[in-house]
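K.L.:
Pasting the sequence and the predicted coordinates here, then a few questions.
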Amino acid sequence: MTEAADRGHDNPIRVGVLGARGRMGAQVVQAVESSPDTTLVAAVDAGDDRAGIVDAGAEVVVDFTHPDAVMDNLRFAVTHGVHAVVGTTGFTDERLATVREWLTPEPGLGVLIAPNFALGAVLAMRFAEQAARFYPACEVIELHHDRKADAPSGTAAHTARLVGRARAAAGLGPAPDATTSELPGARGATVEGVRVHSVRLPGLVAHEEILFGGTGETLTIRHDSLDRSSFMPGVLLGVRSVLRRPGLTVGLENVLEL
Ligand SMILES: NC(=O)C1=CN([C@@H]2O[C@H](COP(=O)(O)OP(=O)(O)OC[C@H]3O[C@@H](n4cnc5c(N)ncnc54)[C@H](O)[C@@H]3O)[C@@H](O)[C@H]2O)C=CC1
Ligand SMILES: O=C(O)C1=N[C@H](C(=O)O)C[C@H](O)C1
């Protein structure tokens, strides 16, 4: 994943990282330090003073923190004129509307929020959206490491929303389901009419299956992030592109022009 860079060694993009000591943040710190067109100017985690990001002259802040912390961080970035690339989960339509409001008086500022920065995950979501209208039923299974704070994953929720909206646009009704008796939770959560199931196990990183059922056949689209390095090309692409994408962009697919 590359994008024609107009910033290089002599004028690298000044990047601050929020959540810098976390699983993702630590990798972002390394990726930003290793890339010739970006330079790390601030690494902030819980308990640190995030004013350091502004004092250091960051142009872009990257946030991989926690759903409970991300809105406050984002408001801080926007009110201080810092572009933001956000991987943290927890974005509802209401939260996105709030971010758009914050950006209204800041017409030059860009915020990119992506539920998943891995190329294959973005492609899987797009393929699922394309397949949705052809099948009477779809369910999503996401599988993650046992330290993950939220369920379902942001990616699975986003996938279900995309599939659910594509189904609705195609005039598809509820998926056939004869279940009349169940233990609570046995059929998962429902997002835009699509069932979503969450698995948590040590040893896993981040995985998603989108299963479609039809007449005498099924289609399974599966993506596996086997290592967090899978997210870094997308994060760096986001850092480069957010500088020239004013307003709110949701999803890396818009940057990739899929
Ligand atoms: N969009 C994507 O491609 C990906 C998104 N994620 C999401 O990123 C988020 C973080 O995931 P992990 O790195 O696995 O979590 P983690 O728990 O390993 O790291 C989060 C870090 O943020 C810090 N933190 C919490 N509140 C903070 C605040 N107010 N200011 C600064 N730092 C703060 C914590 O101390 C911790 O070090 C989650 O929402 C996760 O779902 C994770 C992987 C990929
Ligand atoms: O917490 C994680 O690990 C991940 N979070 C994101 C999500 O919730 O979709 C992206 C990826 O699945 C890894």
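P.N.:
Good, I have the coordinates. Ligands and ions are numbered 1, 2, ... in the order given.

K.L.:
other SSEs contacting the helix or strand that residue 77 is a member of?
P.N.:
Element membership for residue 77, per DSSP states H and E: helix 70-79. For helix 70-79, the contact count by 3 or more CB pairs under 8 Å, 6 or more residues apart in numbering; DSSP states H and E identifies strand 60-63, strand 83-86, helix 93-103, strand 110-113 as packing neighbours. All C-beta atoms are positioned from the backbone trio N, CA, C, and that covers glycine.

K.L.:
Tabulate the ones you listed in CSV, adding columns for distance to residue 178.
P.N.:
What follows is the helices and strands packed on helix 70-79, written out as CSV (distance: least, CB to CB, whole Å):
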stretch, distance to residue 178
strand 60-63, 44
strand 83-86, 41
helix 93-103, 31
strand 110-113, 38
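
K.L.:
closest to residue 122 out of these?
P.N.:
For the helices and strands packed on helix 70-79, distance to residue 122 was read as CB to CB. The smallest value, 12.6 Å, belongs to strand 110-113.

K.L.:
Provide the strand pairings for that closest one, with the direction of each partner.
P.N.:
When pairs are called by DSSP bridges, strand 110-113 turns out to pair with strand 83-86 (parallel), strand 247-250 (parallel).

K.L.:
Pick the most buried one from those strands.
P.N.:
Among the strands paired with strand 110-113, the stretch with the highest mean neighbour count (mean count of other CB atoms under 10 Å) is strand 83-86, at a mean of 28.

K.L.:
hmm, stretch 102-113 touching ligand 1?
P.N.:
No. Using CB under 6 Å from any ligand atom, stretch 102-113 stays clear of ligand 1, coming no nearer than 8.5 Å.

K.L.:
Just the CA trace of that stretch, in PDB.
P.N.:
Extracted in PDB, the C-alpha atoms of stretch 102-113 (Å, rounded to 0.1, in the frame of the first residue of the first chain):
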ATOM      1  CA  TRP A 102     -16.400  19.400  15.900                       C
ATOM      2  CA  LEU A 103     -14.900  19.600  12.400                       C
ATOM      3  CA  THR A 104     -17.400  22.100  11.000                       C
ATOM      4  CA  PRO A 105     -15.500  25.200  12.300                       C
ATOM      5  CA  GLU A 106     -12.100  23.700  11.200                       C
ATOM      6  CA  PRO A 107     -12.500  23.300   7.400                       C
ATOM      7  CA  GLY A 108      -8.900  22.500   6.700                       C
ATOM      8  CA  LEU A 109      -8.600  19.700   9.200                       C
ATOM      9  CA  GLY A 110      -8.800  15.900   8.500                       C
ATOM     10  CA  VAL A 111      -9.900  13.000  10.700                       C
ATOM     11  CA  LEU A 112      -9.700   9.400   9.400                       C
ATOM     12  CA  ILE A 113     -11.400   6.800  11.500                       C
END
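
K.L.:
which residues sit against it?
P.N.:
For stretch 102-113, contacts defined as CB atoms under 8 Å, 6 or more residues apart in numbering pick out 74-75, 77-79, 81-86, 91, 96, 99, 238, 241-252, 255.

K.L.:
related to what we said a few turns ago, okay, the helices and strands packed on helix 70-79 in a markdown table with mean pLDDT next?
P.N.:
Formatted as a markdown table, the entries for the helices and strands packed on helix 70-79 read as follows, by pLDDT from 0 to 100:
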| stretch | mean pLDDT |
| --- | --- |
| strand 60-63 | 98 |
| strand 83-86 | 98 |
| helix 93-103 | 97 |
| strand 110-113 | 98 |
